[in-house]
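Student: The following comprises the amino acid sequence and a computationally predicted model.
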Amino acid sequence: MSCELYCLQCINCEISASSTLPNLLPLSALTAGLGEFRIRDLNDEINKLLREKGHWEFRIKELGGPDYARIGPKMLDHEGKEVPGNRGYKYFGAAKDLPGVRELFEKEPLPPPRKTRAELMKAIDAEYYGYRDEDDGILEPLEQEHEKKVIAEAVEKWKMEREARLARGEEEEEEEVNIYAVNDDESDEEGGKEKEGEEGQQKFIAHVPVPSQQEIEEALVRRKKMELLQKYASETLMAQSEEAKTLLGL
């Protein structure tokens, strides 16, 4: 072993002895009562000593000495857990609870499992398609209010146009003829009869001639006679045709 390597090992032992966790406990036992800035300063000082120790360990390995970074003891806190860190920087004691530090070690919640198409279809009901929009009693009053507003605006517009036409001396337009109305002189078979409903609405009842029971029976008898006539008349004609063929010797 060279003299340089021996000296480096000695220096490393000295740094290791001063940088091990038991000797750093006075520094690492950081409490919240020290204040945020004092805690950060002490934590930075500990990390500075650890980096210096790491440099010497790397140099010893380059010279062919033991790999202290691999075979050395792990740094544990007072609870026996490995000291948490981020990109080589360690946090000791109350430094783990500093603003912005705790978030570094909190695990993100797992995303909810993605639902399949079948699971999504189970949640689709009539409400999804808007068939229950009026069940809450909110939409219908709004629609009625809007309908009244639109009707009032249309009536007001018609009145203004009518007054403008009368002011210009134009004749008032005739009311449109109700194409669904039925005259009184039309027969019941050709048209319908207009009646007033319970709410004053017009209703039209079409009059279709309905045959009586006797007329139906007579129609069935006539149909049966025609079927029998066609059946037996055909048989008679066939018999006469066969008889004629026999006489002619065909």
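Tutor: Right, received. Where do you want to start? Remember, it's a predicted structure, so these values are computed and weren't measured experimentally.

Student: Which pLDDT value goes with residue 211?
Tutor: If you check residue 211, the pLDDT there is 78.

Student: Repeat that for residue 116.
Tutor: Residue 116 is given a pLDDT of 89.

Student: Can you report how many residues neighbour it?
Tutor: 9 (other Cβ atoms under 10 Å). The C-beta positions use only the backbone N, C-alpha and C, and glycine is treated the same way.

Student: what's the distance between it and residue 104?
Tutor: According to Cβ to Cβ, to the nearest Å, residue 116 stands 35 Å off from residue 104.

Student: next one: residue 221
Tutor: Distance from residue 221 to residue 104, by Cβ to Cβ: 102 Å.

Student: quick one: which of these two has more around it?
Tutor: Neighbour count, other Cβ under 10 Å: between residue 221 and residue 104, residue 104 has more, with 13 against 10.

Student: The helix or strand hosting that one: which residues count as buried?
Tutor: If you go by DSSP states H and E, residue 104 is part of helix 102-105. Buried residues in helix 102-105, counted by 16 or more other Cβ atoms under 10 Å: none are found.

Student: what mean pLDDT does it have?
Tutor: The average of the pLDDT scores along helix 102-105 is 72.

Student: Then stretch 67-87?
Tutor: On average, stretch 67-87 scores 63.

Student: Stretch 37-47 now?
Tutor: pLDDT averaged over stretch 37-47 gives 82.

Student: list the buried ones in it?
Tutor: Neighbour-count burial for stretch 37-47, counted by 16+ other Cβ under 10 Å, picks out 39, 42, 43, 46, 47.

Student: mind giving me JSON lines with the residues you listed and columns for distance to residue 169?
Tutor: Formatted as JSON lines, the buried residues of stretch 37-47 follow (distance: Cβ to Cβ, whole Å):
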{"residue": "39", "distance to residue 169": "95"}
{"residue": "42", "distance to residue 169": "101"}
{"residue": "43", "distance to residue 169": "97"}
{"residue": "46", "distance to residue 169": "103"}
{"residue": "47", "distance to residue 169": "99"}
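
Student: Looking at those, which are in helices?
Tutor: Among the buried residues of stretch 37-47, the members falling in helices (DSSP state H) are 39, 42, 43, 46, 47.

Student: Spell out, range by range, the helices that occur in the protein.
Tutor: Secondary structure of the chain (DSSP H): helices at 3-19, 21-28, 36-62, 68-71, 102-105, 117-122, 139-167, 213-248.

Student: Where among these is average confidence lowest?
Tutor: Lowest mean pLDDT within the helices of the chain: helix 21-28, a mean of 50.

Student: Stretch 103-116 spans what distance, first to last residue?
Tutor: For stretch 103-116, the first-to-last residue distance is 33 Å (Cα to Cα, to the nearest Å).

Student: swap that for stretch 102-116, sorry
Tutor: 36 Å.

Student: what about residue 33, how many residues close to it?
Tutor: Using other Cβ under 10 Å, residue 33 has 8 neighbouring residues.

Student: Export the helices of the chain to a markdown table and append columns for distance to residue 96.
Tutor: Listed next are those as a markdown table, based on distance: least, Cβ to Cβ, whole Å:
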| stretch | distance to residue 96 |
| --- | --- |
| helix 3-19 | 19 |
| helix 21-28 | 11 |
| helix 36-62 | 9 |
| helix 68-71 | 23 |
| helix 102-105 | 7 |
| helix 117-122 | 41 |
| helix 139-167 | 55 |
| helix 213-248 | 100 |
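
Student: of the ones you listed, which approaches residue 92 most closely?
Tutor: Residue 92 lies closest to helix 21-28 among those, at 3.6 Å (Cβ to Cβ).
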